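Student: requesting a structural model of the entry that follows:
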Amino acid sequence: MKPTVAEAYAACLDITRAEARNFSYGIRLLPPPKRNALSALYALARRIDDIGDGDLPLEDKRNALAGVRKDLGRLDDLDEPVYVAVADTARRYPVPLGAFEELVAGVETDLCDVRIADFDELVVYCRRVAGSVGRLCLSIFGPSTGGTDFETLALYADQLGIALQQTNILRDIREDFTNGRIYLPSDELEHFGARVALDEHGALDDPQGRLAGYIRYAAGRAQDWYSLGWRLLPYLDRRSGASCRAMSGIYHHLLRRIGANPVLVYDQRLSLSAGEKAQVALASLAGRRKSVPS
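Tutor: Model prediction:
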């Protein structure tokens, strides 16, 4: 039987609580209608991402992603809870469903070994897998003030998503490498005389500190993208702005830690504690873009 809309949203909220380790702190700051809507969009984005990172054979992953593309064109005919919730959200808000197709294209990049030639190529990838999510979030947040056209606000949301993805990439260098993926641009690594490799203990190998130097450089550049993306905040209502600040603030704090001490990512997946994330969320609700202490 096709679930009711309420049941569909409840399923998406369950997925968000279980899977959105960072985004959930921002989503929960929204009023219920927007919380439901953003949870629905998150649940579908999570499904797409999980296809790429899952254990299915390569051809099955490609078929699954093709299936998502097909489903996006027939949302009203589907009875699966996530799609029912997304279809209802798209009726209530100006959801750019094409952003999901961009996300699918980005995940398709991840299906085989990844090598990025230069920063321009990296920006394209980041825009597909994270800028798309920024634009999806904006469709739920919605501008609260005039004076700036929606296309400009979408650019800011896109840039903030790109900032978050650069943070993910710097955090996950080791994990990505073990999965055959190097997102750090090859020309920049060459310029710094750095490489991505593991030592005998399974940590990132950096005997001369060149990779650390590159990571500090890349973290500084990612900071500039946060500055670009945060131009969105003044145009959002209080609760939406708090949600956006909380989501981005958690990742920004990770970036600051990585930039200050790159070796933190050499042998672990760096994250904030639940208490630290809650502190960022509370500061965001109070209207401050505040990081927890380093």
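Student: alpha carbons only for contacts and neighbour counts from here, please
Tutor: Will do.
Student: centre-most residue in the protein?
Tutor: Nearest to the geometric centre of the chain sits residue 130, at 4.6 Å (CA atoms, centre = their mean).
Student: so what's that one up against?
Tutor: 103, 158, 161, 162, 164, 165 (CA atoms under 8 Å, 6 or more residues apart in numbering).
Student: ok, 10 Å please
Tutor: Listed by CA atoms under 10 Å, 6 or more residues apart in numbering, the contact set of residue 130 reads 45, 99, 102-103, 106, 136, 157-166.
Student: return the member of the residues you listed nearest to residue 249.
Tutor: Proximity of those to residue 249 (CA to CA) peaks at residue 164, which lies at 9.6 Å.
Student: quick one: mean pLDDT for whichever strand or helix holds the closest one?
Tutor: According to DSSP states H and E, residue 164 maps onto helix 150-171. Summarised as a single mean, pLDDT over helix 150-171 is 96.
Student: show me how far that helix is from its chain's centre.
Tutor: Helix 150-171 sits 8 Å away from the centroid of its parent chain (CA atoms, centre = their mean, to the nearest Å).
Student: now swap in stretch 216-228 and tell me
Tutor: With CA atoms, centre = their mean, you get 16 Å for stretch 216-228.
Student: can you offset everything so residue one is 9?
Tutor: Sure thing, new numbering starts at 9, so read that last one as stretch 224-236.
Student: in CSV, could you pull the C-alpha coordinates for it?
Tutor: What follows is stretch 224-236 as a C-alpha-only set of coordinates in CSV (Å, rounded to 0.1, in the frame of the first residue of the first chain):
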residue,chain,number,x,y,z
ARG,A,224,47.2,23.9,5.0
TYR,A,225,47.1,25.7,1.6
ALA,A,226,43.9,23.9,0.6
ALA,A,227,42.2,24.6,3.9
GLY,A,228,42.9,28.3,3.5
ARG,A,229,41.3,28.2,0.1
ALA,A,230,38.3,26.4,1.4
GLN,A,231,37.9,29.1,4.0
ASP,A,232,37.4,31.6,1.1
TRP,A,233,34.6,29.5,-0.2
TYR,A,234,32.8,29.6,3.2
SER,A,235,33.1,33.4,3.1
LEU,A,236,31.5,33.4,-0.3
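Student: buried ones in that stretch, by neighbour count?
Tutor: Under the neighbour-count criterion of 16 or more other CA atoms under 10 Å, stretch 224-236 has 224, 226, 227, 230, 231, 233, 234, 236 buried.
Student: coming back round to it: the helix holding residue 172: which residues count as buried?
Tutor: 161-179.
Student: other SSEs contacting that helix?
Tutor: Judged by 3 or more CA pairs under 10 Å, 6 or more residues apart in numbering; DSSP states H and E, the packing partners of helix 158-179 are helix 127-134, helix 140-149, helix 181-186, helix 218-237, helix 246-268.
Student: out of these, which is closest to residue 14?
Tutor: helix 140-149 (17.8 Å).
Student: what angle do helix 127-134 and the closest one make with each other?
Tutor: For helix 140-149 against helix 127-134, the angle by axes from the mean of the first three to the mean of the last three CA atoms, to 10 degrees is 50 degrees.
Student: what about helix 140-149, average pLDDT?
Tutor: For helix 140-149, the per-residue pLDDT averages 96.
Student: quick one: that helix to chain centroid distance?
Tutor: Taking the mean C-alpha point of helix 140-149 and that of its whole chain, the gap between them comes to 11 Å (CA atoms, centre = their mean).
Student: could you check the angle that helix makes with helix 246-268?
Tutor: Going by the same axes, to 10 degrees, helix 140-149 makes 160 degrees with helix 246-268.
Student: now for helix 140-149, which elements pack on it?
Tutor: When contacts are defined as 3+ CA pairs under 10 Å, 6+ apart, helix 140-149 sits against helix 40-61, helix 89-100, helix 106-117, helix 158-179, helix 246-268.
Student: dump those helices to a markdown table, plus distance to residue 284.
Tutor: Below are those laid out as a markdown table (distance: least, CA to CA, whole Å):
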| stretch | distance to residue 284 |
| --- | --- |
| helix 40-61 | 22 |
| helix 89-100 | 30 |
| helix 106-117 | 29 |
| helix 158-179 | 17 |
| helix 246-268 | 8 |
